[in-house]
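>>> just coords:
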């Protein structure tokens with residue numbers, strides 16, 4: 001499991017957008033978005049660069065691994 005900081009999320013719609021973008025890049029992964037801590041937890045195969053591209057592609061700021 002890896003955790004990443006994602007900045008700019010403020011609502012359930014934001015969390016859903018990030019989750020969908022990550023699932024598109026890593027379909028086999030389990031994605032859990034925590035709005036309060038502004039973190040995304042991914043279980044499964046995920047490369048940091050792929051996560052960064054997905055997050056930024058969804059319009060959010062990638063804060064790196066936690």
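Sure, I can see it. Computed from a prediction, not measured in an experiment: that's the story for all the values here.
>>> was I right about residue 40 contacting residue 32?
Yes. The pair residue 40 / residue 32 is scored as a contact, 7.1 Å apart, by CB atoms under 8 Å. The C-beta positions use only the backbone N, C-alpha and C, and glycine is treated the same way.
>>> between the two, who's got more neighbours?
residue 40 (27 against 13; other CB atoms under 10 Å).
>>> list the contacts for the more buried one?
3-4, 6, 18-19, 22, 31-34, 51, 55 (CB atoms under 8 Å, 6 or more residues apart in numbering).
>>> restricted to strands, list the residues you listed.
3-4, 6, 31-34 (DSSP state E).
>>> just the buried ones from the residues you listed?
The neighbour-count test (16 or more other CB atoms under 10 Å) marks 4, 6, 31, 33 as buried among the ones in strands among the contacts of residue 40.
>>> how near is the second one to residue 53?
For residue 6, the distance to residue 53 under the criterion CB to CB, to the nearest Å works out to 13 Å.
>>> and for the first one?
Using CB to CB, residue 4 is found at 12 Å from residue 53.
>>> what's the burial count for the closest residue to residue 61 other than its chain neighbours?
Leaving aside its sequence neighbours, residue 61 sits nearest to residue 7 (CB to CB, 6 or more residues apart in numbering; 4.0 Å). For residue 7, the neighbour count with other CB under 10 Å is 10.
>>> cool, and residue 12?
Residues lying near residue 12 (other CB under 10 Å) number 10.
>>> kindly report the same for residue 25.
17.
>>> ok, residue 18 next?
Neighbour count for residue 18, taken as other CB under 10 Å: 25.
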